[in-house]
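**Student:** sequence first, then the predicted structure, then my questions.
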Amino acid sequence: MVEPPTFYPEGALVGVLTTQPLDRPLDYKAPEGGCFLGAFVEVPLGPRRVLGVVWGPGRGDFDLAKVRPVTRVLDAAPMREEMRVFLRRAADYTLTPMPAMLRLATRAPGLGDSPSMRKVYRLGDRAPDRLTEARTRVLEVLRDYGGLAFTLSELAEMAGVTSSVVKGLVKLGAVAEEDSPRDMPFPLLDPELPGKALTEDQAAAAEVLRAGLRAGGYGTTLLKGVTGSGKTEVYLEAVAEALRVGRQALVLLPEIALTAEFTKRVEARFGARAAEWHSGVTMTERRRTWRMVGEGAAQLVVGARSALFLPFRDLGLIVVDEEHDTSYKQEDGVLYNARDMAVLRASILGAQVVLASATPSLETWANAEAGKYRRLELTSRFGEAVLPAMTAIDMRAEQLEAGRWVSPTLRRAVQARLEKGEQALLFINRRGYAPVTLCRACGQQIGCDHCDARMVEHRFLKRLMCHQCGETKPMPTVCPSCGVEGRLAPVGPGVERLAEEAAAVFPEARVAVLSSDLFGSARALKARIEEIAAGGADIVIGTQLVAKGHNFPLLTLVGVIDADLGLQGSDLRAAERTFQLMRQVSGRAGRADRAGEAMLQTHQPEHPVIRAILGGDEEAFWRAEAREREQAGVPPYGRMAGIILSGTDVAQVFDLGNALARADGPLRQIGARVFGPAPAPIARVRGRHRVRLLVKAAKGSPLQDALARWIASFRLKGDLRLAVDIDPQTF
Ligand code: ADP
Ligand code: ZN
């Protein structure tokens, strides 16, 4: 039974939580006409008006005569109780102040503006024969977005033209102008359209997921299967079932560039597109999606981690694809892991979660082992495709010229593929030309002025770039340290340098470089990926970007240039990450009906991680990893938090760190220990020094509670900042 929503009549005292940094809801009077609990409102705060949500009854501890009324109630469905509980619990878990949490849930431009008619522009049916460059750009934007309509200002901005250019095209009939309500409804998805005929494995897995949705209630399932085994096909059937039972579904992808392919598959399966939510979506589209999701009119949303905070009317299914991907961890602002938040929200909602991966995170693997998550496994690739044969190339035995990274063995393998008209991928997880620029006169490396990082040469751009803060500067000809000219030299390979080598070694081949920084927009990248998939290149040189789920049917060989790269460093997760990344990259080969092969260049073929990657006894690998973590008492077998302190004065930051470490009473009460302070994994960013304390506690201990009490006793002076990172990625 559903409780009737709480209503506050005009003049009643209500507590409104705002997005302003205040530690609790403030009292206001309900406006004329009253308001519901959860209503989005605008309230006066000092001289300003701010956005807020009616959070409950007022406290009444403020002079009643001075309590001001709510300015207006916004035209948006009130926030549901489930969402308020979710925000509260997420705030408690991540130790985030509520206003910051609320901001995540109100990230819709023009929230609450009432729908009204306005003019929109889409592709017209006449194609004029002579066009100026500006006009051509307008038409290109409209074609790229296939059928979508834009407002005048959006269209002009996206095409980089003035609005008169658009108007001119309207006169010619090349662009159509129409009236539209502010929110255009989304086309309906039809779960009854025939899906693909599933294999026995797939059908069995799909049925388990469907049954979960029919039963209702919370449940999390790990859907494990090698790349190409049909995980997407299977979870699309879970989406179909969610739609059948009248609930909404959310699919999270780790990378915007993957949305395009996924959207196509949704369209093929359900006859219409899903709503999209990520940074590449226009403001108008976002506003529309936010509202439609609240009305239940957007049945399926595909998006980035922030889509978790959309006001779904009745969310029944959350899929987290490539659940192990590190991009699910938000590392700026509110520090949360979208995978964990998905499970939290679903448990509150009574929804199903599907965590899909070929190489699950150790956390998820352990939860499945412990029986907290259901586990479904697809063991073979779809169709004829078999997993690539994986071999190591022992670099100690290869003869390599200086400045070359493709071993003779790998070179012969690539040559053989090229002769058959197939594609080869050379993988190196380093953007730019060379990771280090060294002065041969003074021996100094060029570093970033603001960060504790090297500047990386990007030869295509003719600039040096800091991968930490994004700062770039022209490539110098004289050394910034010693002033000697002409002695700067690149050291080590990046994708661009590898591309140069490939072009020299295989002069006949068409070489394509896929690296996120080489594309101005998600659209350009998507176009390039499609071109390559269609055979528009012979050799693909790529960074981590290519590892993520793209389909290259002609690709039959993957050469990993430096399989040891991720194994260096003291990070306890290094082994897990390398295993995941190598497995995933290798999975790019031989997806269709051609046998694939993966070759790993390594200096330590006997390393346990390399052996696990090659040998394929995954369970043994995970069990060994689990044992190590258990012994170290780290997640998921213990609890951990990072306290990141930052400021411009390094001594002050360390002083604060030492003071915190000394005042560890609240932590000792729960048996937790504090380590540090030590320089954070990224020790300096944008001129701010970062220092980290690590707190370790036993599994099941009330860590957040103790942390909150510990931190509360400190006042931050000057520009010092403190951020809590629960379950840090590196430890
Ligand atoms: P994964 O998500 O595990 O990487 P996909 O679902 O993307 O796997 O499947 C890999 C490829 O095989 C896709 O092109 C998909 O359409 C195809 N495929 C998988 N299962 C089937 C099936 N039962 N019938 C037809 N095609 C399938
Ligand atoms: Zn920098």
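**Tutor:** Sure thing, it's come through. Ligands and ions are numbered 1, 2, ... in the order given.
**Student:** make it CA atoms for all contacts and neighbour counts henceforth
**Tutor:** Fine.
**Student:** in the stretch 201-350 of the chain, what residue is nearest ligand 2?
**Tutor:** Here the stretch 201-350 of the chain gets closest to ligand 2 at one residue, Asp332, 15.7 Å apart by C-alpha to the ion.
**Student:** for that residue, grab the count of nearby residues.
**Tutor:** Asp332 has 8 neighbours, counted by other C-alpha atoms under 10 Å.
**Student:** how about Thr136?
**Tutor:** Thr136 sits with 14 neighbouring residues when counted by other C-alpha under 10 Å.
**Student:** by mean pLDDT, flag the weakest helix or strand of this protein.
**Tutor:** The helix or strand of the chain with the poorest confidence is helix 574-586; it has a mean of 75 (mean pLDDT, DSSP states H and E).
**Student:** which elements pack onto that one?
**Tutor:** Helices and strands touching helix 574-586, by 3 or more C-alpha pairs under 8 Å, 6 or more residues apart in numbering; DSSP states H and E, are strand 555-560, helix 608-615.
**Student:** please repeat the previous calculation with a cut-off of 10 Å.
**Tutor:** Applying 3 or more C-alpha pairs under 10 Å, 6 or more residues apart in numbering; DSSP states H and E, one finds that helix 574-586 contacts strand 389-394, strand 423-427, strand 555-560, strand 597-602, helix 608-615, helix 618-632.
**Student:** quick one, which of these gets closest to Met101.
**Tutor:** Met101 lies closest to helix 618-632 among these, at 31.1 Å (C-alpha to C-alpha).
**Student:** list of residues touching the closest one?
**Tutor:** Outside helix 618-632, the residues that touch it by C-alpha atoms under 10 Å, 6 or more residues apart in numbering are 359-363, 365-366, 572-573, 575-576, 579, 608-609, 611-613, 615, 633-638.
**Student:** just checking: which of these also lie near ligand 1?
**Tutor:** Among the contacts of helix 618-632, not one lies near ligand 1 by C-alpha under 6 Å from any ligand atom.
**Student:** which of the helices and strands packed on helix 574-586 has the lowest average pLDDT?
**Tutor:** Lowest mean pLDDT of the helices and strands packed on helix 574-586: helix 608-615, a mean of 78.
**Student:** list the contacts of that one.
**Tutor:** When contacts are defined by C-alpha under 10 Å, 6+ apart, helix 608-615 is touched by residues 389-392, 563-564, 567, 574-576, 578-583, 586, 598-600, 602, 604-606, 616-622, 624-625.
**Student:** the residue lying closest to Ala453 once chain neighbours are set aside pairs with what?
**Tutor:** Closest residue to Ala453 apart from its sequence neighbours, by C-alpha to C-alpha, 6 or more residues apart in numbering: Gly447 at 5.8 Å. Beta-bridge partners of Gly447, counted by DSSP bridges, are Arg454.
**Student:** that older thread, just the CA coordinates for the least confident helix or strand of the chain, please, in CSV.
**Tutor:** What follows is helix 574-586, C-alpha atoms only, in CSV (Å, rounded to 0.1, in the frame of the first residue of the first chain):
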residue,chain,number,x,y,z
ALA,A,574,48.1,-3.1,-9.3
ALA,A,575,47.8,-6.8,-10.0
GLU,A,576,44.1,-6.7,-10.3
ARG,A,577,44.2,-3.8,-12.6
THR,A,578,46.8,-5.2,-14.9
PHE,A,579,44.9,-8.5,-15.0
GLN,A,580,41.7,-6.7,-15.9
LEU,A,581,43.2,-4.4,-18.5
MET,A,582,45.3,-7.1,-20.3
ARG,A,583,42.4,-9.5,-20.4
GLN,A,584,40.1,-6.8,-21.7
VAL,A,585,42.5,-5.6,-24.3
SER,A,586,43.1,-9.2,-25.5
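**Student:** report the inter-axis angle for that helix versus helix 608-615.
**Tutor:** 30 degrees (axes from the mean of the first three to the mean of the last three C-alpha atoms, to 10 degrees).
**Student:** now do helix 574-586: distance to the chain's middle.
**Tutor:** 18 Å (C-alpha atoms, centre = their mean, to the nearest Å).
**Student:** please report how far the residue in the stretch 51-200 of the chain that ligand 1 sits nearest to lies from Ala272.
**Tutor:** Nearest residue of the stretch 51-200 of the chain to ligand 1, counting by C-alpha to the nearest ligand atom: Leu198, 3.6 Å away. The gap separating Leu198 from Ala272 is 21 Å, by C-alpha to C-alpha, to the nearest Å.
**Student:** which stretch of helix or strand covers the nearest residue to Gln444 once chain neighbours are set aside?
**Tutor:** The shortest distance from Gln444 to any non-neighbouring residue, by C-alpha to C-alpha, 6+ apart, is to Leu438 (5.8 Å). Assigned by DSSP states H and E, Leu438 falls within strand 436-439.
**Student:** buried set for that strand?
**Tutor:** With burial defined by 16 or more other C-alpha atoms under 10 Å, the residues of strand 436-439 counted as buried are Val436, Thr437, Leu438, Cys439.
**Student:** next one: stretch 202-212
**Tutor:** Buried residues in stretch 202-212, counted by 16+ other C-alpha under 10 Å: Gln202, Ala204, Ala205, Ala206, Leu209, Arg210, Gly212.
**Student:** repeat that for stretch 159-171.
**Tutor:** Within stretch 159-171, the residues that qualify as buried are Ala159, Val161, Val165, Val166, Lys167, Leu169, Val170, counting by 16+ other C-alpha under 10 Å.
**Student:** tell me the contacts of the third one?
**Tutor:** Read it as Val165. Val165 neighbours (C-alpha under 10 Å, 6+ apart): Thr132, Ala134, Arg135, Thr136, Val138, Ala156, Ala159.
**Student:** ok, the closest residue in space to the second one that isn't next to it in sequence - contacts?
**Tutor:** With C-alpha to C-alpha, 6+ apart as the criterion, Ala134 has its nearest non-adjacent residue at 6.2 Å, and that residue is Val161. Counting by C-alpha under 10 Å, 6+ apart, Val161 makes contact with Glu133, Ala134, Arg135, Arg137, Val138, Ser153, Leu155.
**Student:** okay, and the fourth one sits in which element?
**Tutor:** Pointing back at Arg137 there. Using DSSP H and E, Arg137 sits in helix 133-144.
**Student:** for that helix, list the C-alpha coordinates in PDB.
**Tutor:** Provided in PDB are the C-alpha atoms of helix 133-144 (Å, rounded to 0.1, in the frame of the first residue of the first chain):
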ATOM      1  CA  GLU A 133      30.700  27.000 -45.000                       C
ATOM      2  CA  ALA A 134      28.600  28.300 -42.100                       C
ATOM      3  CA  ARG A 135      25.400  26.900 -43.500                       C
ATOM      4  CA  THR A 136      27.100  23.600 -44.200                       C
ATOM      5  CA  ARG A 137      28.100  23.400 -40.600                       C
ATOM      6  CA  VAL A 138      24.500  23.900 -39.400                       C
ATOM      7  CA  LEU A 139      23.300  21.100 -41.600                       C
ATOM      8  CA  GLU A 140      26.100  18.800 -40.500                       C
ATOM      9  CA  VAL A 141      25.100  19.300 -36.800                       C
ATOM     10  CA  LEU A 142      21.500  18.400 -37.600                       C
ATOM     11  CA  ARG A 143      22.500  15.400 -39.600                       C
ATOM     12  CA  ASP A 144      24.900  14.200 -36.900                       C
END
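**Student:** contact partners of that helix?
**Tutor:** With contact meaning C-alpha under 10 Å, 6+ apart, helix 133-144 is reached by 121-124, 127, 130-131, 146, 148-150, 155-162, 165-166, 168-169, 174-175, 523, 527.
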